[in-house]
Structure formats: structure tokens, C-alpha cells
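1. Fold the following, please.
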Amino acid sequence: MADATEIRNLVMQVMEKKQKRMMMNDLFKEVQKLDESVDKRSLKKVTTSMIQDQSLAYWSSGSTTYFALPGGGKHAEGED
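-> Residues are numbered from 1 along each chain as shown. Now for the predicted structure:
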């Protein structure tokens, strides 16, 4: 089972590779491709934490909520 730090790194890998907004189910599928031990509940906890510390952002179309990198995907790692 992957720990929170590993899951966080996997989420960032997926988001930086895809460079697009993703729904939870799509993000979960992509993370699972990298590490099958990640379960949806753990992923949800990590993404909530990432939203709070602003390493991920919510984007809403009005009917659907997506995850996106802050600043439209132009976020450089380590920048505040």
C-alpha cells in the first residue's frame, strides 16, 4: 500500500504528464496504472490535502468538478 507521500508524487506525475483537467475517476485510473496498490479512499484524502495546500486546484464546469494544476498547468515544482 502506497503512503500519502507516494500517492502525492503519483498525482503530480499524472497531472504534469497529462497537462489537463481530470475528474476523480480518470485521475484514479491513471494513478492505478502507476501503482495498483492505491485505493480510491487514500487518493481522495491526498487530493483533498493537495487542494488545501494549493498544489492542486478545483475547476468546475458548473455540473462537474475537475482537478487541475494551479495557474492552468504552468505551476513549476517548488514554487510558492
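
2. my guess is residue 69 meets residue 58, correct?
-> No - Residue 69 lies out of contact with residue 58 (Cβ atoms under 8 Å); the separation is 11.5 Å. Yep, even glycine has a C-beta here, placed from its N, CA and C like the rest.

3. which residues are contacting the longest helix along the chain?
-> The single longest helix within the chain, with elements called by DSSP state H, is helix 4-18. If you take Cβ atoms under 8 Å, 6 or more residues apart in numbering as the criterion, helix 4-18 is touched by 2, 22, 27, 30-31, 34-35, 38, 42-43, 45-47, 49-50, 55-56, 67-69, 73, 77.

4. Just give me how far that helix sits from the chain centre.
-> Distance of helix 4-18 from the chain centroid (Cα atoms, centre = their mean, to the nearest Å) equals 6 Å.

5. Kindly format the C-alpha coordinates of the helix or strand that that helix is followed by as CSV.
-> Next along the chain after helix 4-18, taking DSSP states H and E as the criterion, comes helix 24-34. Taking Å, rounded to 0.1, in the frame of the first residue of the first chain, the C-alpha atoms of helix 24-34 are listed here in CSV:
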residue,chain,number,x,y,z
MET,A,24,-11.6,11.9,-9.8
ASN,A,25,-12.3,8.7,-11.7
ASP,A,26,-9.9,9.5,-14.5
LEU,A,27,-7.2,10.6,-12.1
PHE,A,28,-7.8,7.3,-10.1
LYS,A,29,-7.4,5.2,-13.3
GLU,A,30,-4.2,7.0,-14.2
VAL,A,31,-2.7,6.6,-10.7
GLN,A,32,-3.7,3.0,-10.7
LYS,A,33,-1.7,2.4,-13.9
LEU,A,34,1.4,3.6,-12.0
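
6. and helix 24-34, what other elements does it pack with?
-> helix 4-18, helix 40-52 (3 or more Cβ pairs under 8 Å, 6 or more residues apart in numbering; DSSP states H and E).
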